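Asker: Fold the following for me, if possible:
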Amino acid sequence: MMIHYTQNMPLSNQAPTLQSQIEVLQALEYANAVVVRCYQENALGKLMQHAHRYSSFWRARLDQAGFSVRTEATKVLSTLSPLTREDLQHHFEGMRAQPSEMSQSRIRTATSSGSTGSPVSVEKDMPVYSLLYLANSWIESYWHRRDARQKISVMTMQMEETSQSSWGGAFDALGYRGPSVSRGYMLGNTASHLDWLLTEKPAYLKCAASIAAELAELALCRGKRLSLTQIMSQSERVTPLQRTLCLKAFGAPIADRYSCEEAGWLAFECPTHQKLHALSGTVLMEIVDDNNNPCPTGTVGRVLITSLHSFAMPLIRYELGDLAEWGPACGCGVTLPVITKLHGRVRNRVRLTDGSSTMPFLGDDLGLISAIRQFRTLQHPDLSLELEVTASRPLCAEDIDKIHLIYRKNGLGQLTLRITEKSHIDWQPGQKREEFVSLIKTV
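Answerer: This is a model prediction of the structure:
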């Protein structure tokens, strides 16, 4: 899958380097497992050697894992303890791996959102990070055959209302000139955002899936027609209900993208199937069990990532706090590993009466109840559960029975469940919308 340019296409000075990086990453899309493994082994070895030489934190941790330049890097990786958010918080200085020739003007500090309850900061070598971020961004748009000459509307948490002559990033570097308009959805309500979109008439919309679904529901309620080509989502898990609403209101599918502030892009939705392909060219992703051993296909585990080019502050076997499962190879032809499902955050576990905990997967089933529009489960200090629901009509007895059955099937029958119908759910501003929230204080 190569990119072809016309001779009269204007390219910035960055374009040749960007194009070369795109081609390197594209070569891995259809490569066999041996080629990808060799690529990652080589990249991981260089990262570990750099980390061992320049970071006191990593030197100690890698020595403990038996690191040497003669040992396979992936074998060392399997013996390393996962890097935690607490490690980042407590060992920020020691984790730096910046030789004198790595100018401080190249370094930017990125801070994750506080939605995890444990915000962290990471330093990035921006010329390297930006190049890889832009290359992956281009590849994802190329997969989905987006036309960057069309208008895109972008909605993020806090953003001024602006307009630009291009989509920015890789598109600007490669000479595409489709207009972009932006707006922060903290600065208005759903009705005003929909009015804005109806005025702008974009071909593409980039925002959180939950926001897109709210806009879709309001458009259907008001009988307003807005035709979109695609909705580009990130930051939150995409549910079947959200996909259905957006298709019905806008005729547009949602393309999911998996990322984190610390490392950038991690996986993109397959252009053919609603699965995610891990980006093996820039990240080595693991899904592991409670003993940090690899999970087989179809088994839910914790996500660990190694950002293969994180030289300024190496992220090696970093635990994101997410739960996911590998899936079988994809029929689209892309050989990148398949994440069949993202299940949410590790911390979002329901505590049971015997002191144990479980990870419920309620959202997809609840979303199949046609009346339900939004929902969130709260666990109170007495261990009882409360399902907050906004609905298109009052829930009937059949709906209530289905809800209780879903909770019992998820092993939660021992806990008291009450259902609260609300006009709106009090989502915390500035944070990701999560389907389960524990109100139990932890020590």
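
Asker: Nearest the middle, which residue of the chain would you pick?
Answerer: The residue at the geometric middle of the chain, judged as the C-alpha nearest the mean C-alpha position with C-alpha atoms, centre = their mean, is residue 258 (2.5 Å).

Asker: Could I get the full set of strands for the stretch 51-200 of the chain?
Answerer: 107-111, 121-125, 152-156, 162-164, 180-184 (DSSP state E, counting those that start in this stretch).

Asker: could you dump the ones you listed to TSV with mean pLDDT and mean neighbour count?
Answerer: C-beta: built from backbone N, CA, C; applies to glycine. Listed next are the strands of the stretch 51-200 of the chain as TSV, based on pLDDT from 0 to 100; neighbours: other C-beta atoms under 10 Å:
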stretch	mean pLDDT	mean neighbour count
strand 107-111	88	14
strand 121-125	93	20
strand 152-156	91	21
strand 162-164	88	13
strand 180-184	91	19
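
Asker: re earlier: does the residue nearest to the centre of the chain sit in a helix, a strand or a coil?
Answerer: At residue 258 the chain is in strand, as set by DSSP: H, G, I helix; E, B strand; the rest coil.

Asker: Do I have it right that it meets residue 339?
Answerer: Yes: checked against C-beta atoms under 8 Å, the pair residue 258 and residue 339 is within contact range at 7.3 Å.

Asker: joint contacts of the two?
Answerer: Taking C-beta atoms under 8 Å, 6 or more residues apart in numbering as the contact criterion, the residues that touch both residue 258 and residue 339 are 267, 276.

Asker: returning to that earlier point: out of the strands of the stretch 51-200 of the chain, which gets nearest to residue 94?
Answerer: Of all those, the one in closest proximity to residue 94, counting by C-beta to C-beta, is strand 121-125 (12.3 Å).

Asker: Show me what the closest one is packed up against.
Answerer: Packing partners of strand 121-125 (3 or more C-beta pairs under 8 Å, 6 or more residues apart in numbering; DSSP states H and E): strand 107-111.

Asker: Relative to residue 333, how far out is residue 184?
Answerer: Counting by C-beta to C-beta, to the nearest Å, the gap between residue 184 and residue 333 amounts to 39 Å.

Asker: oh sorry, the question was meant for residue 200
Answerer: Applying C-beta to C-beta, one obtains 35 Å for the distance of residue 200 from residue 333.

Asker: do residue 23 as well
Answerer: 18 Å.

Asker: Residue 28 now?
Answerer: 13 Å.

Asker: okay, the two: which has more neighbours?
Answerer: In this view residue 28 and residue 333 are compared by other C-beta atoms under 10 Å, and residue 28 has more residues nearby, 18 against 12.

Asker: and stretch 21-28, how far from the chain's centre?
Answerer: Relative to the chain's own centre, stretch 21-28 is displaced by 21 Å; criterion: C-alpha atoms, centre = their mean, to the nearest Å.

Asker: How about residues contacting it?
Answerer: Surrounding stretch 21-28, the residues in contact under the criterion C-beta under 8 Å, 6+ apart are 1-3, 35-36, 39, 131-132, 135-136, 138-139, 279-282, 336.

Asker: Which positions in it come out as buried?
Answerer: The neighbour-count check on stretch 21-28 (16 or more other C-beta atoms under 10 Å) flags 21, 22, 25, 26, 28 as buried.

Asker: Show the residue spans covered by the helices in the stretch 251-400 of the chain.
Answerer: 363-366, 397-409 (DSSP state H, counting those that start in this stretch).

Asker: Comparing those by mean pLDDT, which bottoms out?
Answerer: Summarising mean pLDDT across these, the least confident stretch is helix 363-366, with a mean of 70.

Asker: Against which helices or strands is the longest helix anywhere in the chain packed?
Answerer: Looking only at the chain and at elements set by DSSP state H, the helix with the highest residue count is helix 33-54. With contacts defined as 3+ C-beta pairs under 8 Å, 6+ apart, helix 33-54 has these neighbours: helix 15-29, helix 56-64, helix 73-79, strand 283-288.

Asker: how's the protein carved up into domains?
Answerer: The chain breaks down by automatic domain parsing into domains covering 1-143+278-336, 150-260, 350-438.

Asker: So which of those domains is the most surrounded?
Answerer: Using mean count of other C-beta atoms under 10 Å, the stretch among these with the greatest mean number of neighbours is domain 150-260 (a mean of 18).

Asker: How far off centre is that domain?
Answerer: Using C-alpha atoms, centre = their mean, we find the averaged C-alpha position of domain 150-260 to lie 17 Å away from the chain's own average C-alpha position.

Asker: end to end, how far does that domain reach?
Answerer: Distance across domain 150-260, first residue to last, is 27 Å (C-alpha to C-alpha, to the nearest Å).

Asker: repeat for stretch 90-99
Answerer: The stretch stretch 90-99 measures 21 Å between its terminal residues, going by C-alpha to C-alpha.

Asker: Pull the distance from that stretch to the chain's centre.
Answerer: Once both centres are worked out by C-alpha atoms, centre = their mean, stretch 90-99 turns out to sit 25 Å from its chain's centre.

Asker: now do stretch 310-330
Answerer: Stretch 310-330 has its C-alpha centroid displaced from the chain centroid by 11 Å (C-alpha atoms, centre = their mean).

Asker: any idea of the mean pLDDT for that stretch?
Answerer: Per-residue confidence for stretch 310-330 averages out to 93 on the pLDDT scale.

Asker: Check what pLDDT residue 187 gets.
Answerer: Turning to residue 187, the model gives it a pLDDT of 76.

Asker: I meant residue 300, not that one.
Answerer: Per-residue confidence at residue 300 stands at 89 (pLDDT).

Asker: Can you tell me how far it is from residue 358?
Answerer: Distance check for residue 300 against residue 358: by C-beta to C-beta, it reads 11 Å.

Asker: same question, residue 290
Answerer: Using C-beta to C-beta, we find residue 290 at a distance of 13 Å from residue 358.

Asker: what does residue 103 give?
Answerer: With distances defined as C-beta to C-beta, the gap from residue 103 to residue 358 amounts to 49 Å.

Asker: I'd guessed residue 419 sits against residue 389; true?
Answerer: Yes: if you go by C-beta under 8 Å, residue 419 and residue 389 touch, sitting 6.3 Å apart.

Asker: which residues do those two both contact?
Answerer: Taking C-beta under 8 Å, 6+ apart as the contact definition, residue 419 and residue 389 share the neighbouring residues residue 395.

Asker: Nearest to residue 84, out of the strands of the stretch 51-200 of the chain?
Answerer: Put simply, out of these the one that sits nearest residue 84 is strand 121-125, at 13.2 Å, with distance taken as C-beta to C-beta.

Asker: Give the pairing partners of the closest one; include direction for each.
Answerer: According to DSSP bridges, strand 121-125 forms sheet pairs with strand 107-111 (antiparallel).
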